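Enquirer: dropping the sequence and predicted coords here.
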Protein chains: 2
Amino acid sequence: MNAFPSQVKMVEVGPRDGLQNEPGRVKTATKIEFIHQLSGTGLPVIEATSFVSPRWVPQLADAEAVYTGLQRQPGVRYPALVPNRAGLERALAAGVADIAVFTGVTDTFCQKNIHCSVAESLERYQPVITEARERQLGVRAYLSCVLGCPYEGAVSTRQVARLARQLAELGADEISLGDTIGVGTPLQAQRMLATVAEQVPLERLAVHFHDTYGQALANIFACLELGIAVIDSAVAGLGGCPYAKGATGNVATEEVIYMLQGMGIETGVDLERLIGVGRHICQALGRENQSRVGRAGLGRLKQVV
Amino acid sequence: MNAFPSQVKMVEVGPRDGLQNEPGRVKTATKIEFIHQLSGTGLPVIEATSFVSPRWVPQLADAEAVYTGLQRQPGVRYPALVPNRAGLERALAAGVADIAVFTGVTDTFCQKNIHCSVAESLERYQPVITEARERQLGVRAYLSCVLGCPYEGAVSTRQVARLARQLAELGADEISLGDTIGVGTPLQAQRMLATVAEQVPLERLAVHFHDTYGQALANIFACLELGIAVIDSAVAGLGGCPYAKGATGNVATEEVIYMLQGMGIETGVDLERLIGVGRHICQALGRENQSRVGRAGLGRLKQVV
């Protein structure tokens, strides 16, 4: 019955979803160096920054400087989040080739995070996605709170599936389903994914888990059983959401790669190098490494697995 | 294909596997209070202590004082580890009703931990188990390093199954399969469990995962798919093994209960109360809480899940 993929595309969200939540201002040079280091690990997609208004997320005020300062590696994609038309213009000017838009399943979450209702967010993104596609950009859409909302509580899986379909119809190539507050458990994750996959082909879906309750990796395993082949994560478990109550870090990329390696699923990522990058950014930020693999290291393991 | 159990028996190993690894000496009164608090959460089995020689594990020199100081709750079992005949006599004198013995899959691991080969450990346990059963005690056997050994590397799953069968034939009611160094991933865990279950009925097996590489909960989910219904864990992720290199804490009981609740599997454990016990023991030990559920708490969640 299981439909494990032979290969998984990892989407590294550390530089954007991770760093936007850091309390202090991270230096532009640190961000660029971080992305350069990630580029050397074999990761195929690194979300680099967000062209959101500095009024809302001052941590990302240097989006242009980060993006134009990047030496992009061939074969690696560097999407950037854009919140609206103005963000798209900034992204285009900076030479972005892939964008991402961000909405949520509930009106309260959207109001608190993007200052409009869910329906209004779709209206707002329609011309953004249309223009992006006319210009041959890749378009990803984040759908947040797919397994629960910090304000409205339980969410309807049918509503999640309906919104995912609407985002696909607007022209998003890929829909990332986010358990933003990390409340889901494996069978809930499977049921949600199966319901969404009735509306949007599984090949166009990604999963995005936060590890608030330690469930992220079990949820990812459960989704792999259904064949999911795109997984979001952040090295060292960086991240969170600046407005979402209690949204702690993303699942650590190291843990996901470790599990996939053990399952014989290819990612193209050099885990040892990735662990080094995670340790380096934690040191630079003065932050505890949230990855258990990152903390333990692989040294002793070589003869075991 | 999945055979999820409707109910799981949780075996709390925090007071023994957890505290034996604490660097400082924990007060006897603290241990007793900890076990009393755990007894009030609905946990059915709490491994209380070990009658190992104080020469080997000085942290457990107060085993008699702990055990005889307990006010045992009706309906809760309080097994104690016994390493040999002398340990059994001490345990019997203290009024123990359930014992556990401990061996491993590789000779090097056994030599470093229990100072004999695997075969010698089985010979040593034979009279212990026989006597324990004659006296109507429950007998559990721990089998360590089932997914890898810190000294010998990869282990043979057939060897794991053979040893589990031998332990069952010696008279152990329950065999706890331990990934002592936390190296396994979900499909490896499933394959191992399936192979062992060909030799010993699944109802007599338990799984015991450490979270060194963050894989424990995913591994448990994978084993639940095969129907495993006994799970070892330690509140607040306490634990480790005093001699095993890099053996960090057990999977946190809070994370397991959270997942099982989300899957609709009964444990009888009051998660909110358990979180309180985990926070209390961490405070008493001056130790960081390793449970993400314990750190996050359930406060905000009530309306979500």
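Expert: In hand now; what should we look at?

Enquirer: tell me the mean pLDDT over stretch A:56-63?
Expert: The pLDDT scores in stretch A:56-63 average 89.

Enquirer: try stretch A:103-112
Expert: With pLDDT averaged residue by residue, stretch A:103-112 scores 96.

Enquirer: contacts made by that stretch with the rest, please.
Expert: Contact partners of stretch A:103-112, identified using CB atoms under 8 Å, 6 or more residues apart in numbering or on different chains, comprise A:113-114, A:116-118, A:120-122, A:125, A:141-146, A:149-152, A:155, A:159-160, A:163, A:167, A:180, A:243-244. (Glycine included, C-beta is placed from N, CA and C.)

Enquirer: of those, list those near chain B.
Expert: The residues of the contacts of stretch A:103-112 that also fall near chain B, by CB under 8 Å from any CB of the partner chain, are A:Cys149, A:Pro150.

Enquirer: tell me which of the contacts of stretch A:103-112 fall in strands.
Expert: Members of the contacts of stretch A:103-112 lying in strands (criterion: DSSP state E): A:Ala141, A:Tyr142, A:Leu143, A:Ser144.

Enquirer: closest one of those residues to B:Pro15?
Expert: Nearest to B:Pro15, judged by CB to CB, of the ones in strands among the contacts of stretch A:103-112 is A:Ser144 at 40.6 Å.

Enquirer: quick one: A:Gly95 from chain B, how far?
Expert: 36 Å (CB to the nearest CB, to the nearest Å).

Enquirer: ok, that residue - contacts?
Expert: With contact taken as CB under 8 Å, 6+ apart, A:Gly95 is in contact with A:Tyr67, A:Thr68.

Enquirer: my guess is it is in a helix, correct?
Expert: No - counting by DSSP: H, G, I helix; E, B strand; the rest coil, A:Gly95 is not found in a helix; it is coil.

Enquirer: now the nearest residue to A:Ile129 once chain neighbours are set aside: phi and psi?
Expert: Setting aside the residues directly before and after it, A:Ile129 is nearest to A:Gly171 in space (CB to CB, 6 or more residues apart in numbering or on different chains), at 4.4 Å. Backbone torsions for A:Gly171, taken as degrees, to the nearest 10, come to phi 120, psi 10.

Enquirer: for A:Gly171, give me its contacts.
Expert: Contacts of A:Gly171 were listed using CB under 8 Å, 6+ apart, and they are A:Ile129, A:Thr130, A:Ala132, A:Arg133, A:Val139.

Enquirer: and the third one, how far from B:Gly148?
Expert: Separation of A:Ala132 from B:Gly148 (CB to CB, to the nearest Å): 47 Å.

Enquirer: ok, those two, which is more surrounded?
Expert: A:Ala132 (25 against 22; other CB atoms under 10 Å in any protein chain shown).

Enquirer: that one against A:Ala141, yeah?
Expert: No - using CB atoms under 8 Å, A:Ala132 is not in contact with A:Ala141; the gap is 11.0 Å.

Enquirer: count of neighbours near the closest residue to chain B within the stretch 101-250 of chain A?
Expert: Residue nearest to chain B within the stretch 101-250 of chain A (CB to the nearest CB): A:Thr185, separated by 2.8 Å. Other residues near A:Thr185 number 24, with proximity taken as other CB under 10 Å.

Enquirer: picking that back up, neighbour-wise, which of the contacts of A:Gly171 leads?
Expert: Counting by other CB under 10 Å, top hit in those: A:Ala132 with 25 neighbours.

Enquirer: then that residue would be within a helix, right?
Expert: Yes - read with three-state DSSP, A:Ala132 is one of the residues of a helix.

Enquirer: what's near enough to touch it?
Expert: Contacts of A:Ala132 (CB under 8 Å, 6+ apart): A:Val82, A:Leu88, A:Ile99, A:Val139, A:Gly171.

Enquirer: tally up the residues packed near A:Lys27, please.
Expert: By other CB under 10 Å, 11 other residues sit near A:Lys27.

Enquirer: next: A:Ser6.
Expert: 8.

Enquirer: now do the same contact list for it.
Expert: Taking CB under 8 Å, 6+ apart as the test, what A:Ser6 contacts is A:Ile265, A:Glu266.

Enquirer: look up phi and psi at the residue in the stretch 201-305 of chain A positioned nearest to chain B.
Expert: Of all residues in the stretch 201-305 of chain A, the one sitting closest to chain B is A:Gly262 (2.7 Å; CB to the nearest CB). Backbone torsions of A:Gly262, given as degrees, to the nearest 10, read phi -60, psi -20.

Enquirer: how close does the residue nearest to it when sequence neighbours are not counted sit to B:Arg295?
Expert: Nearest non-adjacent residue to A:Gly262, counting by CB to CB, 6+ apart: B:Thr185, 2.7 Å away. B:Thr185 is 25 Å from B:Arg295, where distance means CB to CB.

Enquirer: cool, and A:Thr267?
Expert: Counting by CB to CB - A:Thr267 and B:Arg295 are separated by 29 Å.

Enquirer: now do A:Gly297
Expert: Shown here: A:Gly297 relative to B:Arg295, a distance of 23 Å by CB to CB.
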